[in-house]
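Trainee: just need the structure, nothing else, for what follows:
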Amino acid sequence: MIEQPDTLSGKMLIAMPDMGDPRFDQALVYICAHSDDGAMGLIVNKPTPEVKFSDLLEQLEITSGPDTRDIRIYYGGPVEGSRGFVLHSADYDSDGATLAVDEEVGLTATLDVLEELAQGRGPRSSLLALGYAGWGPGQLEDEIGQNGWLTCEPRDDLIFGRANEHKWTAALKSLGVDPLLLSGDAGHA
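Mentor: Here you go, the predicted structure:
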């Protein structure tokens, strides 16, 4: 397999203030896959407090154990909102059903990871996203070129941290950008 050096897989997207799409207002997106065919990512800073992990387990008829962790559920993006994706630390692999995004993060979309989490096992760090953000061929690159997104390196606290209201600002600050001075207007020479 030929490696693509310009892939955004394993990177984070930071929505610019003038994005124009309210679903991505101050969104921080972890890119799980990126190729010539398009891109797929999960918004990691928009929890859905109205959906509880315990309720989801009950709906899926998965029995909770005494060590069940409180897994936060996130709005992962506008595509396939009823489909779940578990973004997790690389210490978990579901018998070939896990996509290794990079050395630190994996993505699993099968019930067995939920069963493991319900029993207090599974990955060290995880979040469950309903839906995902998707882009067709060249679409994400165009949006970046039109100043819709900034990119940054991922960090555990940006992906799995619980201070969701601070993740967008922290991602900008990791680039040395003051959110208060940010402009949505691109400059072209």
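Trainee: nearest residue to Q139 in space, please, no chain neighbours.
Mentor: With C-beta to C-beta, 6 or more residues apart in numbering as the measure, G38 is the residue that lies nearest to Q139, at 6.7 Å, once sequence neighbours are left out. Yep, even glycine has a C-beta here, placed from its N, CA and C like the rest.
Trainee: residue closest to the middle of this structure?
Mentor: Among the residues of the chain, L42 comes closest to the average C-alpha position under C-alpha atoms, centre = their mean, at 2.9 Å.
Trainee: for the one helix or strand it maps to, give me every contacting residue.
Mentor: Under the assignment given by DSSP states H and E, the secondary-structure element containing L42 is strand 38-43. The contact list for strand 38-43 (C-beta atoms under 8 Å, 6 or more residues apart in numbering) reads 8, 13, 24, 27-34, 74-77, 85, 87, 107, 129, 132-137, 139-140.
Trainee: I'd like the next helix or strand past that strand.
Mentor: helix 53-59.
Trainee: in that following helix, what's buried?
Mentor: With burial defined by 16 or more other C-beta atoms under 10 Å, the residues of helix 53-59 counted as buried are F53, L56, L57.
Trainee: now swap in stretch 35-46 and tell me
Mentor: For stretch 35-46, the neighbour count (16+ other C-beta under 10 Å) marks A39, M40, G41, L42, I43, V44, N45, K46 as buried.
Trainee: now the helices: where do they sit in the protein?
Mentor: Applying DSSP state H to the chain gives helices spanning 53-59, 111-118, 139-145, 156-160, 164-174.
Trainee: the shortest one: how far from the chain's middle?
Mentor: Its chain's average C-alpha position is 10 Å from that of helix 156-160, according to C-alpha atoms, centre = their mean, to the nearest Å.
Trainee: the closest residue to T151 other than its chain neighbours and E58, how far apart?
Mentor: Using C-beta to C-beta, 6+ apart and skipping the chain neighbours, the partner closest in space to T151 is K11 (5.2 Å). Shown here: K11 relative to E58, a distance of 36 Å by C-beta to C-beta, to the nearest Å.
Trainee: repeat that for G38.
Mentor: Counting by C-beta to C-beta, the separation of G38 from E58 is 35 Å.
Trainee: what of G96?
Mentor: As for G96, its distance to E58 is 28 Å (criterion: C-beta to C-beta).
Trainee: roughly how far does the residue nearest to V79 when sequence neighbours are not counted sit from L60?
Mentor: Setting aside the residues directly before and after it, V79 is nearest to G134 in space (C-beta to C-beta, 6+ apart), at 4.6 Å. To L60, G134 is 24 Å away according to C-beta to C-beta.
Trainee: who has more neighbours, these two?
Mentor: For G134 and L60, the more surrounded residue by other C-beta atoms under 10 Å is G134, and the numbers stand at 16 against 12.
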